[in-house]
Every structure is written in C-alpha cells, then in structure tokens.
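> Sequence and predicted structure below; questions after.
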Amino acid sequence: MCGIAGIISSDIDLRSEKEMIWKMSDSLKMRGPDARGEYITRCAALIHRRLSVIDPKNGKQPMRFGKYIIVYNGEIYNTDEIRRELRFHGYVFDTVCDTEVVLKSYHLWREKCVSRLNGIFAFAIYDMDSEELFLCRDRIGVKPLFYSLKSDLFAFASRTDTLLKVKGIEPVCDENGLNEIFMLGPAKTMGKTYFRDIQEVLPGEYLYYNKGKITKARYWTLEAKEFTDSESQAQEHTHFLVTDAIRRQLVSDVPICTFLSGGLDSSIISKVAYDYMTDRGEILNTYSVDYEDNDKYFKASIFQPNKDSDYINLISDYIDSDHHNIVLNNIEVADALVDSTIARGCPGFTDIDSSLLLFCKEIVKKHKVALSGECADEIFGGYPWYHREEILFEDTFPWSRTTDVRKGILADGFLKNGDAYARSAYDETIKRTAYLDTDSRFEKRMREMFVLNMEWFMQTLLARKDAMSMETSLEVRVPFCDYRIVEYAYNMPWKIKAYNSREKGILRKAFENELPEIITWRKKSPYPKTFNPEYVEAVSKMVLAVLEDKSTPLCEMLNKDSILSLIENPNSLSEPWYGQLMRGPQVLSYIVQIYTWIRKYNVQFDI
C-alpha cells in the first residue's frame, strides 16, 4: 500500500512550488515510509510514497510507460491473469509488481481496464501529451481517494489533510459538514467530506480531469439478478469465493499475519491462511486485542453477548498458530483519541479507532501485512438489525434510529435542519437500491438493508481500517470485500443467506467442517471495546477541558448541561449514538475528537 497525491494547474508553475509539493509528500510519509518519488512539470505534479510489499526492489513510482505516468495505491489480486493477457497483446514487463500491470492495462484498454481489476486500489494516470488526468477507485471503496477543484487548480490525495497543504484549499466546514458530523457521524455521505472544498471519488467510480472540467462515471454498482443456485450450491460457491479471495490476498514478499478475534469471520480467514502457509512450510502468526482488566467489567448485551477472550485460544490452538494477544492500557486508549483523529483526518469511531491504532502499532513491529475479517456482517447479514423485524422495517438508519441523542448534546436551535439532512441522506440511499420485479416486500427490504449497510456502516469501518493501519505503515487486507462475494451475496435469497435462521448462516454452513463447532455457531460479537471505568474517567476529564476552552466555536455548538449530565451518568443513553459500539462513553470521546479536529486543522466554520 502507498500514499498518492498530485496537482494539475494552468495558473501556477509547479516547478517553483517544490516546498508545497514536499509538504504534501511528507503528510503521506506513514502511508509510504519505504520510498518517495515525484514527477514535476510546469503544469503537473505527481507524488508517491511507497510501502513496499510486492517486488520491493523494483516498482518505483511515479512509473512511466509511453505518454502515461501513474501513481498507484493498492493491491491487484488477479495480477497474474491480467499480465498473461497483456503479454498476449505484445506487452513485456520489467517488474513483477502490479503497478506496471495497471499502467499497461490502461495503455491498452483506457478506462475499460478498471472493470478487469480485482483488488483494492486508488490510482491516477497522467497523459503527458493531452495533460489529461484519470482517477479511479476500487469498487467497494477500500482505498481512499479525495480531490478538490479550485478555479483552474485540481488536486487529489489519499488523505484530506494532504490537500490542505495546497494553496487555495481551505479548511472550511459549512452547515452540510456540521450535519455530517453531528447528524450522521462517524458515518458520512459517500462522495462528501467535512471540508467544503474537498470531495471524495466514489467507490466504483472513475473521473477525468482536463482543462478545468471534471467528467465522472460509475464503472460498478450493485445489480439485482435472479439467483438460480440451490442451497447446497450456494454453500459450495460461498466457500469457493471466500477461500479464493483469502488465498489471493495472502500473496506477499514480506511477513504476513491475520487478525483473530475468535469470531467466525477472522477464524475462517486464519484457517484458510494457516492451510496456505503450512503448504509452504511457513508458520501463521495471529493477533488479538483486549484491554487491561476488561474481564472484570464486561457486561453482556444483545450486541455483545460474550467475550472474545473465551474463544481466541480455542481457535488458535486448533489451527496451531503463533498467537499474540495485545493488551491495551485504558489511559493510552483515551490519549490515542488525538492521534486517531489526526490519522483519519476527521472525527471518527472514537476508542474503536484509537484502540485499533495502538493494536496496529504493536503488529507492525513484526509484520507488514495483515488480513482482517471486516465486512462479512454487512454482506452476509450479521448485525441484529437484519434479524429484528421491529428494527428491520423502520424507515430509518438501523444503527442510528433516532437523532434525539445527537440533538440532545447540541445547543438549542443549532442545526435546525439536521433531521431533514439525515432523512435526505437515508432516502437517497434507498433510491439507489436495485430490485427485481419478482422481489417480495421482505426481499426488497433486505436489498435496501444491504445497500444501507454497504454504503454507510461498511464505509465507516473501511475508512477506520485504512486510516489506523496506514498511520502505522501496516497494510491490512479485507478478503470479504472481494466484489465477487459482494455481488453474489446481494442476490442470495434471505432464506439461504440466513441458513438455520442464523446471522451469516450460509457462511457458517459453508465452513462448518473446517472449524470447531463452537466457533462456527458462536453468536456474533463485534470488535472488542473497553468496559473499564478507568477509560470513562480519562475521557470525562478530557471533555471537561474541552468545555472550558473558549478558543474554538465548539462550546457554542454544544449543550454544556447535557454533556455534564452524561459525564455524571455515562450509561444513561436510551439509544446508542451509532451502531453497537458508540454509547455514552463514546459520545464523550467523539466530542474530544471533534475538538481535536478543529484545533489540529484550524477549522473555520461558514454557517
């Protein structure tokens, strides 16, 4: 994985803006600590920071072929197949890295090349003759890509704060941005950011920029198709797709490991990885995360019925992995809220972010690449809101069913249009859902839930995973985001997907002969969070300091009495702020992250 950025401008001579270009490059250092490269002309600058995983000795970027120059971030998992096809067309290769394959694919097929790529990626290709720029992002949106157009200056980058290094791009947040933060966050509308001047390339989208004009197109969206497989065929095909995705993503020229929580998804990945590595005489290293004294304070709930620690040793012993349990200090998790906000470039998933950041810092001491089980829940129906009918048919986001908690921490009259903004975001998502004419009311709703989860909840988790891991220079791959799995699962009837009336039932059935029964049929449990009151105490002190700081406009936006009441009774919320993991302590943490974001980027508000 890497960090990329660039500028196209007819107004300024970029050869005289090397200091600005170097600052942009420096802001991407953690995404690519192994090498840096720039291509600079009067009207174009391309920037690359490399984390070397495949063919470390070669593959220097920016890479040129003919009139095209590429800066690329990602991994292509069908590189060998595409390389063979390109060789048939007469192309020869100087490296074994996927960057060269992507570049020469574009040379042959132009934008049609992206439909052939199976992987996670964000890249830019510059045509030196026409001065046209091509940008593209992977289908699911695993890799980030942001851009800004100001007059005749177009800039793009892997991070929003990289774009803030560009002259003329200002850290301004308008009412839309505030609605994103307070009414939808930590999720956000795809294509938008919290900064007025910065947008996002959509998952499955490419764009051309040429002489002040942007032309966009979606090359991939979910399509509703008739499902013709029987239940047994669905089990077999699910097993094939998941196994194939995992095995393809185990290719690496540097040490690789897996995250292992003791749940179904990470156990499947770790078992397939163990078999793959054993065949090569290698040992699989697995990693789990916990918090000091967490067992003492854990309380079971509908969202988190049991502790991961009860299952991790069982599965690691079963596959005979070299297991490492990382135990985090609760005060350090609170302190890392600041670093995790900077890593993401905006307020995020609170201690769910900060704990992952600390977790990745430990893993990267020995490994450079990891596989993780994110996103199986979104596509295979793992969350409770898929299975509780009273939530399923509510006409709202299932993880944020009301804005009452959100409005409760805001000053009276602030963001008067917040409810309408959130409602519009939900309605627009539903409109993008593809149905079959033969779908029942229930199946239509399940398709809507799939799209809602993929475009919102899954994007939040993917942004978290990319930002926290890359901040530590760790590459994390997510096999369940293989678009083939996503397409297949979207069209799978619920009675098959929820085999035996269980969350992710088809996935459980597909792998039941490869895992211990207790792991296969264990009730779903989310990413572990801290239950230690030490964390709440630390965060509460941080929030009190925020409320006393009048140097930012945040205090004017908040209801101080409501927040003080939450500090006194952090378990008082009737509904979670967001999903399974953001409750009272996380709302306090979110305020800390908003404050950090404002101070770090000197955010200005236009409302």
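That came through fine. Numbers count the residues shown, from 1 in each chain.

> okay, which residue is most central for this protein?
Closest residue to the average C-alpha location of the chain: Leu462 at 1.3 Å, with Cα atoms, centre = their mean.

> For Val592, see how far away it is.
23 Å (Cβ to Cβ, to the nearest Å). Using the backbone N, CA and C atoms, a C-beta is placed for each residue, glycine as well.

> hmm, back to that, which SS state does the residue nearest to the centre of the chain fall under?
helix (DSSP: H, G, I helix; E, B strand; the rest coil).

> That one: what's its closest spatial neighbour, skipping adjacent residues?
Leaving aside its sequence neighbours, Leu462 sits nearest to Val142 (Cβ to Cβ, 6 or more residues apart in numbering; 5.5 Å).

> Ile391 contacts Arg401, doesn't it?
Yes - counting by Cβ atoms under 8 Å, Arg401 is a contact partner of Ile391 at 7.1 Å.

> which neighbours do these two share?
Contact criterion Cβ atoms under 8 Å, 6 or more residues apart in numbering; residues shared by Ile391 and Arg401: none found.

> For the residue nearest to the centre of the chain, give its distance to Ser372.
Applying Cβ to Cβ to Leu462 and Ser372 gives a distance of 10 Å.

> Which residues are in contact with each of these two?
With Cβ under 8 Å, 6+ apart, Leu462 and Ser372 have common neighbours Val478.

> Compute the number of surrounding residues for Ser232.
10 (other Cβ atoms under 10 Å).

> tell me which element it falls in.
Taking DSSP states H and E as the definition, one finds Ser232 inside helix 231-248.

> continuing past that helix, what's the next helix or strand?
Next along the chain after helix 231-248, taking DSSP H and E as the criterion, comes strand 256-259.

> partner strands of that following strand, parallel or antiparallel?
strand 285-291 (parallel), strand 369-371 (parallel) (DSSP bridges).

> who's in contact with the closest residue to Tyr499 other than its chain neighbours?
Among residues not flanking Tyr499 along the chain, Gly505 sits closest, at 3.2 Å (Cβ to Cβ, 6+ apart). Contacts for Gly505 (Cβ under 8 Å, 6+ apart) come out as Lys497, Ala498, Tyr499.

> Roughly how far does Gly505 sit from Tyr386?
In terms of Cβ to Cβ, Gly505 sits 11 Å off from Tyr386.

> Overlap in contacts, these two.
Ala498.

> Trp577 is in contact with Leu588, isn't it?
No - taking contacts as Cβ under 8 Å, Trp577 lies outside contact range of Leu588: 10.2 Å.

> of the two, who's got more company?
Applying other Cβ under 10 Å to Trp577 and Leu588 shows that Leu588 carries more neighbours, namely 27 against 20.

> Next, that one: phi, psi?
Here is the backbone geometry of Leu588 (degrees, to the nearest 10): phi -60, psi -40.

> ok, it - contacts?
With contact set as Cβ under 8 Å, 6+ apart, Leu588 has these partners: Val536, Val539, Ser540, Met542, Val543, Ile563, Leu566, Ile567, Pro570.

> how many neighbours does Lys213 have?
Count around Lys213 with other Cβ under 10 Å applied: 10.

> Check the spacing between it and Phe154 real quick.
Counting by Cβ to Cβ, the gap from Lys213 to Phe154 is 10 Å.

> same question, Pro528
42 Å.

> got it, and Gln593?
30 Å.

> before we move on, what about Leu207?
Taking Cβ to Cβ, one finds Leu207 at 10 Å from Phe154.

> Could you report the separation of Trp521 from Tyr386?
On the measure of Cβ to Cβ, Trp521 and Tyr386 end up 17 Å apart.

> just Glu575 next, same as before
For Glu575, the distance to Tyr386 - Cβ to Cβ - is 18 Å.

> Kindly report the same for Tyr208.
39 Å.

> When these two are compared, which one has more neighbours?
Between Tyr208 and Tyr386, Tyr386 has the larger neighbour count (other Cβ under 10 Å), namely 23 against 16.

> The nearest residue to that one once chain neighbours are set aside: neighbour count?
In space, and not counting its chain neighbours, Tyr386 is closest to Met449: 6.1 Å by Cβ to Cβ, 6+ apart. Applying other Cβ under 10 Å, we find 21 residues neighbouring Met449.

> which element is Met449 on?
helix 441-452.

> buried set for the worst-scoring helix or strand of the chain on mean pLDDT?
Using mean pLDDT, DSSP states H and E, the weakest-scoring helix or strand in the chain turns out to be helix 294-297, at a mean of 72. Across helix 294-297, burial judged by 16 or more other Cβ atoms under 10 Å covers Asn294.

> and the helix or strand just after that helix, what other elements does it pack with?
Counting by DSSP H and E, the next helix or strand C-terminal to helix 294-297 is helix 309-319. With contacts taken as 3 or more Cβ pairs under 8 Å, 6 or more residues apart in numbering; DSSP states H and E, helix 309-319 sits against helix 264-279, strand 285-291, strand 322-328, helix 517-520.

> got the angle for the longest one vs strand 322-328?
Here the directions of helix 264-279 and strand 322-328 differ by 140 degrees (axes from the mean of the first three to the mean of the last three Cα atoms, to 10 degrees).

> what's next to helix 264-279, contact-wise?
In contact with helix 264-279 (Cβ under 8 Å, 6+ apart) are residues 242-243, 246-247, 250, 256, 258-260, 283-284, 286, 315-316, 318-321, 371-374, 376-377, 479-480, 504, 507-508, 511, 514-515, 519-520, 522, 524.

> Brilliant, that's me finished.
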